[in-house]
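**Q** 3D, please:
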Amino acid sequence: MAKPKLSPCLWIEKDAKKAVKYYQSIFKGTKLVSYKAYKNTGSPSGDFDIAEMDLLGIRFQLLAAGPMFKFNEAVSFTVYCKDQKEVDYYWKALTAKGGSEGPCGWCKDKYGLSWQIIPNKLYQLEYSKNKAKHEYAFKAMMKMKKIIIADLEEKKLKKK
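**A** Prediction:
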């Protein structure tokens with residue numbers, strides 16, 4: 001696989017290879033592309049390691065170089081889900097073992113990286129020509145943590 005022109009670099013505290021294994025356990029087909037440990041480099045962060053992974057077709061670099069920088073919600077990754085089963089799977093996997101739930105389909109994994117777990121149905125409703133469906137879905141989503149597809153549509157609107 002050729003090196004991409006652009007690749008996100010995710011700074012984590014320690015053990016880049018372990019982080020790749022974590023993401024491999026959640027996102028099937030994730031591959032470790034490369035790994036290197038750097039010792040005695042004179043870096044301000046001391047020893048560090050770097051792993052590259054291919055996650056859902058996107059090349060990521062994981063730089064494990066200490067606790068100097070933390071993730072925040074200014075950067076997140078959206079996972080588009082085909083159904084509730086997929087929403088439930090990613091939500092449970094990413095919030096387990098130290099992750100946390102947030103509002104409106106947002107959550108954080110155990111490294112503090114923000115994810116948006118969004119069912120395709122939400123986008124269909126948000127861009128519906130039926131303004132009532134759009135407004136109901138948006139208001140319903142704003143009250144949720146994990147998005148529940150069945151709760152995005154008002155029962156009386158389904159009949160129309």
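
**Q** domains for the chain, by residue range?
**A** Domain segmentation of the chain under automatic domain parsing yields 9-64, 76-158.

**Q** relative to Lys70, which of those domains is closest?
**A** domain 76-158 (5.9 Å; CB to CB). The way it works is simple: take the backbone N, C-alpha and C, and place the C-beta from them, glycine included.

**Q** distance from the chain centre to the closest one, please.
**A** 12 Å (CA atoms, centre = their mean, to the nearest Å).

**Q** quick check: mean pLDDT of it?
**A** For domain 76-158, the mean pLDDT works out to 94.

**Q** on that earlier part again, save the domains of the chain as a markdown table, and put in distance to Lys3 and mean neighbour count too.
**A** Below are the domains of the chain laid out as a markdown table (distance: least, CB to CB, whole Å; neighbours: other CB atoms under 10 Å):
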| stretch | distance to Lys3 | mean neighbour count |
| --- | --- | --- |
| domain 9-64 | 8 | 15 |
| domain 76-158 | 20 | 16 |
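
**Q** could those go into CSV alongside distance to Lys70?
**A** CSV is the format used below for those (distance: least, CB to CB, whole Å):
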stretch, distance to Lys70
domain 9-64, 8
domain 76-158, 6
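
**Q** spit out the contact partners of the most centrally placed residue in the chain.
**A** With distances taken as CA atoms, centre = their mean, the chain has Trp115 as the residue nearest its mean C-alpha position (3.1 Å). Counting by CB atoms under 8 Å, 6 or more residues apart in numbering, Trp115 touches Ser76, Phe77, Thr78, Val79, Tyr90, Leu94, Trp106, Cys107, Lys108, Asp109.
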